[in-house]
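> Sequence first, then the predicted structure, then my questions.
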Amino acid sequence: MLVLAGLLWGTGGLAGSLLASRTGMQPVAVAAFRLLLGGIFITLYAAVAGGVRTVPRTRAAAARLAVTGVLMATYQTAYFAAVEATSVSLATLTTMVAIPVLVTFGTAVLDRRPPTLRAVTSIVVAVGGLMLLLDSPTGAGGNGIAGAGLALLAALGFAVLTLDRRAPLPGLDRNAATGLGFLTGGLLLLPAGLLSGMVLPLRVDTVGAVMFLGLVPTAVAYTSYFSGLHLAGAAAGIVAVLLEPLTATLLAVLLAHDHLSGTQILGAVLVLVSIGVQQAPSRTTSRP
């Protein structure tokens, strides 16, 4: 499930960029479409499975849905704005590299214990890779510094969402919470999206792009991610986070004619090494 989520996430940046280029939509409008359609698809799935009927009418449940909506609205808007300021590959790589760093330190603060030496080593290597990735990217348009800041803001939103979802809320179905939370985020973005322009030309390419964006890298991917996270644990979620930039980079090179410099490739390798260090099995194992 986590592998599937990572692969499908990697198509989101390119689909959103295609939708924006074909319609002239601003990032906030693209994000609103993604969250609303994704929320509708996930909520319908949860309703068929019976999860919507059991949603508790409590303040805790309402707060969980509101937090999910605000964080997803922040994450999606900042991510698509970063894509517009730089490129699909760089925005995706920057966001996904920063997420493990933020989650690691956030977990340490919440658990009130310092991270392990392995975790610190992986973070140091990841930061080095991130600095190389942000150094004069080839093919990046607009303002690279602004794009990097937006990508880091997107990573912060996703990291906080991951930390907030560590403990499930009793009685609240996971898929129902995700779908209703996404709908909340989409409704929060809707006024700004309408002001910026959300007119969707009724053409095969535009309708196909928006439906693909809402279904594949949103509804299916996030449902798979949270299901896999529930079964395998938070540490295993790095698999999905890693596969997204790899998929997005490959698609950008093949379809969008993006280019990565040698420095950026080295940075990507360091990121892979950092995640490998974090996920490597311990040498100390129990013996029969």
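Cool, got the structure. Numbers count the residues shown, from 1 in each chain.
> could you point out which element follows the longest helix belonging to the chain?
In the chain, with assignment by DSSP state H, the single longest helix is helix 59-85. Counting by DSSP states H and E, the next helix or strand C-terminal to helix 59-85 is helix 88-111.
> which other helices and strands contact that next one?
Using 3 or more CB pairs under 8 Å, 6 or more residues apart in numbering; DSSP states H and E, the elements in contact with helix 88-111 are helix 12-23, helix 59-85, helix 117-133, helix 144-164, helix 238-255, helix 262-279. In short, each C-beta sits where N, CA and C put it, glycine included.
> Can you say which of those is nearest to residue 218?
helix 12-23 (7.1 Å; CB to CB).
> then the closest one to CSV, C-alphas only?
Extracted as CSV, the C-alpha positions of helix 12-23 are listed here (Å, rounded to 0.1, in the frame of the first residue of the first chain):
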residue,chain,number,x,y,z
GLY,A,12,0.3,14.5,-8.9
GLY,A,13,2.7,17.3,-9.6
LEU,A,14,2.8,16.7,-13.3
ALA,A,15,-1.0,16.3,-13.5
GLY,A,16,-1.5,19.6,-11.6
SER,A,17,1.1,21.4,-13.7
LEU,A,18,-0.7,20.1,-16.9
LEU,A,19,-4.1,21.2,-15.6
ALA,A,20,-2.7,24.7,-14.8
SER,A,21,-1.0,25.1,-18.2
ARG,A,22,-4.0,24.0,-20.1
THR,A,23,-6.5,26.1,-18.2
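> which of the residues in stretch 29-44 are buried?
Of the residues in stretch 29-44, 29-43 count as buried by neighbour count, 16 or more other CB atoms under 10 Å.
> Among those, which ones are in strands?
For the buried residues of stretch 29-44, not one is inside strands, with DSSP state E as the criterion.
> In JSON lines, list the helices and strands packed on helix 88-111 along with distance to residue 187, mean neighbour count and mean pLDDT.
Conversion of the helices and strands packed on helix 88-111 to JSON lines gives the following (distance: least, CB to CB, whole Å; neighbours: other CB atoms under 10 Å; pLDDT from 0 to 100):
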{"stretch": "helix 12-23", "distance to residue 187": "19", "mean neighbour count": "22", "mean pLDDT": "85"}
{"stretch": "helix 59-85", "distance to residue 187": "7", "mean neighbour count": "21", "mean pLDDT": "87"}
{"stretch": "helix 117-133", "distance to residue 187": "33", "mean neighbour count": "18", "mean pLDDT": "77"}
{"stretch": "helix 144-164", "distance to residue 187": "17", "mean neighbour count": "20", "mean pLDDT": "87"}
{"stretch": "helix 238-255", "distance to residue 187": "26", "mean neighbour count": "21", "mean pLDDT": "74"}
{"stretch": "helix 262-279", "distance to residue 187": "35", "mean neighbour count": "18", "mean pLDDT": "77"}
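> In CSV: the ones you listed, plus distance to residue 106.
As requested, the helices and strands packed on helix 88-111 are exported to CSV (distance: least, CB to CB, whole Å):
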stretch, distance to residue 106
helix 12-23, 23
helix 59-85, 13
helix 117-133, 12
helix 144-164, 5
helix 238-255, 14
helix 262-279, 15
